[in-house]
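> Generate coordinates for the sequence data below:
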Amino acid sequence: MKRILIADDHTAVRSGLRAVLEQRPGWEVVAEVADGKRAFEVAFEKRPDVVILDFSLPSMTGVEAARLIKMSLPETEVLIFTVHESGVLAQEAFRAGARAYLVKSDENKLLLTAVEALMAHRSFDSGRFSAQLRRSKLDGAGEEHRKLSPREQLVVTLVAEGRSNKEISSLLNLSVKTTEAHRATAMQKLKISSVAGLVRYAVRTNMIEP
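Numbering: from 1, shown residues only. Predicted structure coming up:
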């Protein structure tokens, strides 16, 4: 029996995913959770074959949860399932260890195909973000990039993409004040004093495309 964990803060989404996934013989949803921290905790407890994570989860983003899950459970595969149609966010998800990134508006058939690929420990490279997946396999940021915490890397990437502090706060489930603090700390660590400088840095380290 193949085991799946679903993490989404909307009950209706979790129920819908369970209904679709459990139509497939031999697949079982072993748990549903509503925040990123619980996703990691329950994954560590249940050892699922695949974890499906929303991007914008409370307490910890799907990307942050994916990173922790892959560090602790390298055999567990991760799929990010989100409303955010963003190549930048897909790139961050793949860097964190996810092997599929799907937008919630995609058909259920695509979801089943992606989960099937992950069950076989293959990346799902047939979706609209296949280019980001290929780039993530070739990425190699230097030591300078590693000065930043995972949360700071996300903030810098989103700032460089042109998103406002308010938009970033909504995506990461943070207060605007906290987002501003992460942005300021990242700029201080990188010795960068302007948004233009952040964009140049993000392009140079392959965080975003030029």
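> for the protein, what's the longest helix?
When the chain is parsed with DSSP state H, its longest helix is helix 176-190.
> who does that one touch, helix- and strand-wise?
helix 150-160, helix 165-172, helix 195-204 (3 or more C-beta pairs under 8 Å, 6 or more residues apart in numbering; DSSP states H and E). Backbone N, C-alpha and C define where each C-beta goes, glycine included.
> so how many other residues sit close to residue 110?
Neighbours of residue 110 under the rule other C-beta atoms under 10 Å: 16.
> and it, that one's in a helix?
Yes - Residue 110 sits within a helix when classified using DSSP: H, G, I helix; E, B strand; the rest coil.
> Can you tell me the closest non-neighbouring residue to it?
Among residues not flanking residue 110 along the chain, residue 102 sits closest, at 6.4 Å (C-beta to C-beta, 6 or more residues apart in numbering).
> Where do the helices of this protein begin and end?
The residue ranges that make up the helices of the chain, judged by DSSP H, are 11-21, 36-46, 62-72, 87-95, 108-119, 130-138, 150-160, 165-172, 176-190, 195-204.
> Worst mean pLDDT across the helices and strands of this protein, which element?
Across the helices and strands of the chain, mean confidence by mean pLDDT, DSSP states H and E is lowest for helix 130-138: a mean of 56.
> Residue 175 versus residue 12, what's the distance?
Distance, residue 12 to residue 175, using C-beta to C-beta, to the nearest Å: 26 Å.
> now swap in residue 37 and tell me
Using C-beta to C-beta, we find residue 37 at a distance of 17 Å from residue 175.
> Have a look at these two and say which one is more surrounded.
Per other C-beta under 10 Å, whichever of residue 37 and residue 175 has more neighbours is residue 37, with 16 against 11.
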